[in-house]
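Visitor: Got a predicted structure plus its sequence, pasted below:
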Amino acid sequence: MLTKNQKKYLNIIIKLTIVGLALWFVYTKVHNQKNLAAFTKLVNGLDDNVLNYALIIVVLMMFANWALEIVKWQYLTRSLQKLSFWTATKSVFCGLTWAIFTPNRIGEYGGRIMLLKSDNRAKGAVLMGVGLFAQLVLTSFFGALSIAWFVTTFLDTPVAINFGIWMIAIIYALAFVVLYFNVHWVDYWVGKFKFLARIKPFFGVLLEVSQRELRYVLVLSLFRFIIFTTQYIILMVIILPDISLVAMVLMIFILFFVQAALPTLDIFDFSVRSFVASNLYAYITTQEIAVMAIVSCVWFVNLILPALIGSFFVLNVNYLGDSNT
């Protein structure tokens, strides 16, 4: 059996290995002369104005995306503490800045709840988890079904196996929906473990979340999911117009699913995203560098740019004093 420290270091080694291999993969693809020539020819054939307008729209959609997250955060925490839209904005963007330098985005919790009153922070973190889980439900639901489509479309598998794959995907997808609408089960299971007794009272807030509230949060998350997807579609339709729209969208869903399953540091995430996207889209296009460029662009706009904006708010928060500062 591995000790706690051994598991910790093994986990770090695995993550570094994934990131390292992904970086190496991106490097080899970008420095491949054939790939570069194809990408250069592709880019030279694009209308600069159309591409610029597309990038502007993608950036504006990023602000719309995070505005929805701010509204969701306000809604989730309203029973604990009334947050103005401005305070909720600072809270969300501070979380984004913290997330970029912490494994699995765990710092987003700490950065966001710091603007809550100290007595509300633990419960706020639990409610934040509800919002993040709503996003994960959509990623898992659409991702699982898209993976089933991918396997049965591009891999040579028997009909019986295909049927089994679809059944597993459907059960998996529906399981997340059921768990989400019964999120209060978490409070029950936490109470089953004695070593979690100290934090058990904080999970009681889940018992107060109604089905109506869960539906509202899921709808907001769905709008965010649509924005994420549309950002990719806009750039792909312009840069890679020959790709089938259905295949393009389903591949995007798989990309989201894999990203959620293989979390890394946001600051290095572009390499993993590029690696996954390039291998996925290889089934429907030979423009590997174009795919990696699109993925990197969306990564920068959605994660790095907001984190840079959030750094301004981070510098204006008093982490040792009262959270109302």
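Guide: Here it is on my side, so go on. Residues are numbered from 1 along each chain as shown.

Visitor: show me where pLDDT drops low in the protein?
Guide: Per-residue confidence of the chain (counting by pLDDT under 70) places the weak regions at 1-2, 6-46, 101-104, 263-272, 315-325.

Visitor: Check it and tell me which residue is nearest its centre.
Guide: Using Cα atoms, centre = their mean, the residue of the chain that lies closest to the mean C-alpha position is A260, 6.0 Å off.

Visitor: Provide a list of residues in contact with E108.
Guide: Residues touching E108, when contacts are defined by Cβ atoms under 8 Å, 6 or more residues apart in numbering, comprise G95, L96, W98, A99, T102, M128. Where you see a C-beta, it was placed from the backbone N, CA and C, and this is true even at glycine.

Visitor: so the second one touches L305, yeah?
Guide: Translated: L96. No. The criterion here is Cβ atoms under 8 Å, and L96 misses it with L305 at 9.5 Å.

Visitor: Neighbour count: the two, which is higher?
Guide: Legend: neighbour count by other Cβ atoms under 10 Å for L96 and L305, higher for L96 (28 against 15).

Visitor: can you map out the helices along the stretch 151-300 of the chain?
Guide: Using DSSP state H, counting those that start in this stretch, the helices assigned to the stretch 151-300 of the chain run over residues 159-180, 185-190, 211-239, 245-261, 269-281, 288-299.

Visitor: would you turn these into a markdown table with distance to L136?
Guide: Listed next are these as a markdown table, based on distance: least, Cβ to Cβ, whole Å:
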| stretch | distance to L136 |
| --- | --- |
| helix 159-180 | 7 |
| helix 185-190 | 13 |
| helix 211-239 | 9 |
| helix 245-261 | 6 |
| helix 269-281 | 16 |
| helix 288-299 | 19 |
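
Visitor: Among those, which comes closest to A88?
Guide: Closest approach to A88 among the helices of the stretch 151-300 of the chain is made by helix 211-239 (13.0 Å; Cβ to Cβ).

Visitor: Helix 159-180 and the closest one, what's the angle between them?
Guide: 130 degrees (axes from the mean of the first three to the mean of the last three Cα atoms, to 10 degrees).
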